[in-house]
Structures are given as C-alpha cells and as structure tokens.
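Trainee: I need the structure of the sequence given here:
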Amino acid sequence: MSQTSPAIAQTTQTPKTCQMGTYIMSLHDFDLPNNSFGADLWLWSVCPSPSADLEPLKEENIDFINAKEVKRSQVQTNGGWSLVKIKGTFRHNWNVENLPFDRHELQIIIEHSSKADSDFKYEVDTKESKTDKDTFEDWKITKFTVTEEKKSIKQTLETQIY
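Mentor: Down below sits the predicted model:
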C-alpha cells in the first residue's frame, strides 16, 4: 500500500508594478581617455497606489549600474507619482575607429536594487520618455529607446556626431 502526500497549493503573487520614464535634458563631458560621459535627466515613476514599501525612486531603491558618479535631487512625490533629477557620469567604451563618422550608443542602466523580480516590476513609459529637442538640435539622434529588461530600465541614446 502506497501513501501519497496531499498536494500543496503553490501561490504565485503578481509583482507590484510601477511605470517609469525619463527625460534626457543634456549629454556632456564626453571623456574618451576615461571612458565616460555626463548626463542630466529627470526620472519619474507612477505607481498604482501609494505605499511606503513601494517607492522606486528613493536612493536606496535604485542603482545606476554603469555610473561612476550620480547626484540626485530630493525625490518629489504626490500620491503614487514621484520625480527625481539626476546628474551623473556614466561609463562608456568609446570606439572611434571610424572617426569622424563614428556612432555611439550611450546607455544609462538603472536597476531596482531592493526588491526581487518576483516582488517588483518596472513598466516603461515609452510614450512620454524623450530627449530635450532644443538641447539636441544640432545632433543626429538616430534612435532613442527606453526598455525594460527583467529588473532594470535601460535608456539608450544612439547618436551620430559629425
């Protein structure tokens, strides 16, 4: 006679989701010898319901994976909406073999650091994320994307500088 164990129900919890977007105000200080560039941007998040355990823009909750240095303004909040200004220096390996016709894909990679993938998820605000048109008036920007990859948001600005 065999004995079987009763089945234990597996509960799967839907991760909390916040929408996140960015507005790139400027790119500057292109430093080829030190493999870096500077960027000034706004980050925002919109969460479905305000909650003390769900504040994606707080300093302890986000990491800039490819940053050398980041300065942040005070996070502004209003209900489930948050906004923070970022000034940073980010690592980039400059390939200038095709100078003066080189292209560069500049990335700012942001990761939520305090929650597991199963507990929290970013959703990208692709409609409102953009670059400042006046600042980049003389640039040939061939592509600007903000994408979600598992636990991180990747902002990519592909440029051609002549």
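
Trainee: Please make it C-alpha for all contacts and neighbour counts, starting now.
Mentor: Noted.

Trainee: low-scoring pLDDT stretches of the chain, where are they?
Mentor: The model of the chain has pLDDT under 70 over residues 1-13, 50-54, 113-120, 149-162.

Trainee: buried residues in the longest strand seen in it?
Mentor: Ranked by number of residues, the top strand in the chain under DSSP state E is strand 16-31. Judged by neighbour count using 16 or more other CA atoms under 10 Å, the buried positions of strand 16-31 are 16-27, 30.

Trainee: And for residue 37, the neighbour number?
Mentor: Neighbour count for residue 37, taken as other CA atoms under 10 Å: 22.

Trainee: ok, now which ones touch it?
Mentor: With contact taken as CA atoms under 8 Å, 6 or more residues apart in numbering, residue 37 is in contact with 27, 28, 29, 30, 31, 89, 90, 91, 92.

Trainee: Could you look up the SS state of it?
Mentor: Following DSSP: H, G, I helix; E, B strand; the rest coil, the label given to residue 37 is strand.

Trainee: Chain neighbours aside, what residue packs nearest to it?
Mentor: The shortest distance from residue 37 to any non-neighbouring residue, by CA to CA, 6 or more residues apart in numbering, is to residue 30 (4.5 Å).

Trainee: what sits against that neighbour?
Mentor: By CA under 8 Å, 6+ apart, the residues touching residue 30 are 36, 37, 38.

Trainee: What strand or helix carries residue 33?
Mentor: Per DSSP states H and E: residue 33 is located in neither a helix nor a strand.

Trainee: ok, it to residue 92 distance?
Mentor: In this view, residue 33 and residue 92 are 10 Å apart by CA to CA, to the nearest Å.

Trainee: ok, those two, which is more surrounded?
Mentor: When residue 33 and residue 92 are compared for neighbours, residue 92 comes out ahead with 20 against 8, by other CA under 10 Å.

Trainee: Touching, the more buried one and residue 36? I think so.
Mentor: Yes - contact criterion CA atoms under 8 Å: residue 92 and residue 36 qualify, at 5.0 Å.

Trainee: circling back: specify which member of the contacts of residue 30 is nearest to residue 85.
Mentor: Nearest to residue 85 among these is residue 38, at 13.6 Å by CA to CA.

Trainee: Right, I'll leave it there.
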